[in-house]
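Peer 1: structure for this input, please:
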Amino acid sequence: MRVSFPITMSRSANTWTRRLAPLLTLVLVLAAWQLVFALRLYPTFLIPSPQMVWEKAAQVLRDGTLWAHLLATSEAMVWGLLWGVSIGTLLGYLIAKLPLAEVLLTPLIVAFQATPIVAYAPLLIIWFGSGMTSKVVTCAVIVFFPTLMNTVVGVRQIPPRLRDLMRALSATRWQTLCKLELPAILPVWLTGLKTSATLAVIGVVVGEFLSADRGLGHWVKLARSQYDTALVFVGVLTMTALALTFYSLVYLLEWRLLKWQRQSRSV
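Peer 2: Coordinates of the predicted model:
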């Protein structure tokens, strides 16, 4: 007991430290921000105070402007994630299983991903218009690659002895997929999904910056043209909060779906 008590206290302290660390970082950032404003190192129209940004946020919350643009961006993100992740998963599985598919598709996919999204986003807007469709396609394109690569890695890391075991048990392809491949792929695939969830904001905002009449990207672009820096800060912070929200949702999904993995480790 005399040995376990300090260990328990140390673990408890480490847990609280991890929980409070993000809050401490936020407080330090706000303090540094306020200090820069108080010292008048930059004009107010370049760097407003945290209070000015807070007041602007309260204003756009009251008049409903923030909610309207947030809803437009969130809707495009959801559809972009669904399409991008679905196509990335299917193509990733196909490339991992069929060597011919890898030879034919990999150079094209890598070349497409090597080009910055802002370079061909105007083409997507010309092809799909300036409405919701172009934003969804832009988002799907940018979240497609992480999902595809993680799916390929997940399929290829399955030990051959497990596949031999499934064949020895006369398992069908469907049984092999459900009982072996999906559980094996899931941890790596969810890691890719967390990356895609944060990149989805970038994809949608790029589309909104180039051509849109609503959404957070359009809103920030409009605020910039009016030199309303406080509103730009509100828009950027809202994008950050949106990315963190989607990331947290995927994290909760991962925690729920991989519960069996944690239980097997504790045994």
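Peer 1: where do the helices of the stretch 151-267 of the chain begin and end?
Peer 2: In the stretch 151-267 of the chain, the helices defined using DSSP state H, counting those that start in this stretch lie at 160-168, 173-176, 182-210, 216-225, 229-257, 259-266.
Peer 1: mind putting these in CSV, mean neighbour count included?
Peer 2: Bear in mind the C-beta positions are built from the backbone N, C-alpha and C, glycine included. As requested, the helices of the stretch 151-267 of the chain are exported to CSV (neighbours: other CB atoms under 10 Å):
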stretch, mean neighbour count
helix 160-168, 11
helix 173-176, 12
helix 182-210, 22
helix 216-225, 20
helix 229-257, 17
helix 259-266, 9
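Peer 1: out of those, which comes closest to residue 119?
Peer 2: Of all the helices of the stretch 151-267 of the chain, it is helix 182-210 that lies closest to residue 119, at 10.5 Å by CB to CB.
Peer 1: any idea which of the helices of the stretch 151-267 of the chain gets closest to residue 122?
Peer 2: Closest to residue 122 of the helices of the stretch 151-267 of the chain is helix 182-210 (CB to CB; 6.1 Å).
Peer 1: list the helices and strands the closest one packs on?
Peer 2: Judged by 3 or more CB pairs under 8 Å, 6 or more residues apart in numbering; DSSP states H and E, helix 182-210 is in contact with helix 65-97, helix 117-128, helix 132-156, helix 216-225, helix 229-257.
Peer 1: quick one: closest of those to residue 191.
Peer 2: With CB to CB as the criterion, residue 191 lies closest to helix 132-156 of the helices and strands packed on helix 182-210, at 5.9 Å.
Peer 1: between that closest one and helix 216-225, how many degrees?
Peer 2: On the basis of axes from the mean of the first three to the mean of the last three CA atoms, to 10 degrees, helix 132-156 is oriented at 120 degrees to helix 216-225.
Peer 1: quick revisit: I'd like the helices and strands packed on helix 182-210 as TSV, with mean pLDDT appended.
Peer 2: TSV is the format used below for those (pLDDT from 0 to 100):
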stretch	mean pLDDT
helix 65-97	91
helix 117-128	79
helix 132-156	88
helix 216-225	87
helix 229-257	89
